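> What follows is a predicted protein model with its sequence.
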Amino acid sequence: MEQIICLSTSNYHPYPTRKQNVMNRLSDAQIIYFDPPVTYLAPLKDRSLRPRLSRFRQPGEQVKDNLTVYALPPVWPLGNKYRWINRRNQKKLARYIRKRAAEHGFNRPHLWCYSPTSADILPHVEHQGLVYDCVDRHSAYSGLLNPQVVDAMERDLASAADMVFCTAGGLYETLSRYNQRTVLIPNGVDYPLFSQTAQVPHIPDPQRPVFGFVGMLQDCIAYDWLLKLAEAFPQGEIRLIGRVMPGVDISALKQRENIRLLGLMPQRQLPEEIGQFDVCLNLFAPGRLSRDVSPLKFYEYLATGKPIVSTPEPLQVADYADIIYIADNPEQFISQCRLALAEKDPALVKARMAAGEAASWDNRVRQMEACLRQNGIFAANAAQQ
């Protein structure tokens, strides 16, 4: 049985991302999942983070028979800006990780990393294998970071890895230069959950169309396109489901009576909510970050069979150009929304659902495991032995 130490960039609870979906589905493995650390200064910006300063002292939570979740201790800020700080942080985190690993009897673990900062933990945590699963262009984020420092850490991590997975073509172009064992595996979908939407009858009201978006409201969203959509369909409704990220100005959205900000929702509730959409929206403004994202919502939309209208970014939406509606500018976006509302072809619904099923997390993780076994990183399974 494989022993895996997952150094995540997302808390295991409450909202599942790629990290949780992958770890939940790895077969024949014992897994310790570490929630990312907060910095000592984070609670000054967000008081709700204060309990996380001490959560690492709590016992681990066994969420599955083979998976236990721990919180990492807090670290000093600016680790993405100054590498000497990151080295200090990672050395501290390594002591905690080694202690927890020993408690679980881990003596030959694989490190499965999601952040470039993990490059500096490698000398301090003994491991027999290293996987870097890259889900974003980390250096393109705003905030207290130095892109050159982040890119250098990522280069070091990818170069040292036994296997690199990535979610988008642009990431593959970069990472494959550092490591020949780089494989493009986009994000996926909990297909059994989201395909339920197609089983619930929905009768659209042509006079009051509902356009819906699911995802974080962050800097890279095309908010000006949303405003033009609200203006073009004054009797319609635009529903935005997701958290507003700190520093993002959505005051213009709040001024529109037909734009509803519904906030975060539990994943189990999303199929029902999406079932009320007439058109699903995938909206990314042009930029380095937008090109290389692999939005979970896009695959969730596919699984529902609903019409999807998208911006040209991320670039991978072009792979689905025959079953979705892609707009190059705000004016075309409006016209594509009209076409989506008028869609009557059940074959398109089936095609989108088939694409969603092909992108299921079960399939994605099987592909990952096959790569790891073929390259001798994971042991061959029992059927192959």
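Received it, and whenever you're ready, just let me know what you need. Numbers count the residues shown, from 1 in each chain.
> after the top helix by length along the chain, next one along is what?
Across the chain, the helix with the greatest residue count (assigned by DSSP state H) is helix 83-103. Along the chain past helix 83-103, the next helix or strand (assigned with DSSP states H and E) turns out to be strand 110-113.
> can you pull out the helices in the stretch 151-300 of the chain?
Listed from the start of the chain, the stretch 151-300 of the chain has helices (DSSP state H, counting those that start in this stretch) covering 169-175, 191-194, 223-232, 251-254, 270-274, 288-291, 296-304.
> Three-state assignment for Tyr132, please.
Three-state call for Tyr132 (DSSP: H, G, I helix; E, B strand; the rest coil): strand.
> Now it. Nearest residue, chain neighbours left out?
Nearest non-adjacent residue to Tyr132, counting by CB to CB, 6 or more residues apart in numbering: Ala161, 4.3 Å away. No exception for glycine: its C-beta is placed from N, CA and C like everyone else's.
> repeat for Tyr40
The spatially closest residue to Tyr40, leaving aside those adjacent along the chain, is Pro74, at 5.2 Å (CB to CB, 6+ apart).
> Which neighbouring elements make contact with the host helix or strand of Arg364?
Secondary structure assigned from DSSP H and E places Arg364 in helix 361-374. Packing contacts for helix 361-374, counted by 3 or more CB pairs under 8 Å, 6 or more residues apart in numbering; DSSP states H and E, involve helix 18-25, strand 163-166, strand 182-184.
> where are the low-confidence patches of the chain?
Confidence mapping of the chain against pLDDT under 70 gives the ranges 381-385.
> Let me see the domain layout of it.
Here the domain assignment for the chain is 2-188+360-384, 191-358, based on automatic domain parsing.
> Would you mind giving the ones you listed as CSV with mean neighbour count added?
Output for these, formatted as CSV (neighbours: other CB atoms under 10 Å):
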stretch, mean neighbour count
domain 2-188+360-384, 18
domain 191-358, 17
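> quick one on the thing from earlier: for the residue nearest to Tyr132, grab phi and psi.
phi -70, psi 150 (degrees, to the nearest 10).
> how close does it get to Cys134?
Computed with CB to CB, to the nearest Å, the distance linking Ala161 and Cys134 is 10 Å.
> Could you do Thr197 as well?
When CB to CB is the yardstick, Thr197 and Cys134 sit 30 Å from each other.
> contacting residues for the nearest residue to Pro234 once chain neighbours are set aside?
The spatial neighbour of Pro234 that comes closest, neighbours along the chain excluded (CB to CB, 6+ apart), is Asn258 at 6.4 Å. When the contact criterion is CB atoms under 8 Å, 6 or more residues apart in numbering, the partners of Asn258 are Ala230, Phe233, Pro234, Gln235, Gly236, Glu237, Ile238.
> Mind doing that once more with 7 Å?
Ala230, Pro234, Gly236, Glu237, Ile238 (CB atoms under 7 Å, 6 or more residues apart in numbering).
> Pick out whichever of these sits closest to Glu154.
Distance to Glu154, by CB to CB, is smallest for Ile238 among the contacts of Asn258, at 36.2 Å.
> So the closest one sits against Ala232, correct?
No: with the criterion set as CB atoms under 7 Å, Ile238 and Ala232 do not qualify as a contacting pair; they are 10.6 Å apart.
> Overlap of the contact sets of the two?
Here Ile238 and Ala232 have no joint contacts, going by CB under 7 Å, 6+ apart.
> Report the separation between Cys113 and Val135.
Separation of Cys113 from Val135 (CB to CB): 11 Å.
> do Asp249 as well
26 Å.
> the strands in the stretch 201-350 of the chain, which residues?
210-214, 237-241, 259-263, 279-282, 308-310, 325-326 (DSSP state E, counting those that start in this stretch).
> Which of the ones you listed sits closest to Gln58?
When the strands of the stretch 201-350 of the chain are ranked by distance to Gln58, counting by CB to CB, first place goes to strand 259-263 at 27.4 Å.
> and the closest one, what does it pack onto?
When contacts are defined as 3 or more CB pairs under 7 Å, 6 or more residues apart in numbering; DSSP states H and E, strand 259-263 packs onto strand 237-241.
> just the CA coordinates of the strand it packs on, formatted as CSV?
Taking C-alpha atoms only, strand 237-241 is exported to CSV below (Å, rounded to 0.1, in the frame of the first residue of the first chain):
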residue,chain,number,x,y,z
GLU,A,237,-31.9,37.2,-14.0
ILE,A,238,-28.2,36.6,-13.5
ARG,A,239,-27.4,34.4,-10.5
LEU,A,240,-23.8,34.3,-9.2
ILE,A,241,-22.9,31.5,-6.8
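> Tyr209 and Val131, how far apart?
If you look again at residue 209, you'll see it is Pro, not Tyr. Counting by CB to CB, the separation of Pro209 from Val131 is 44 Å.
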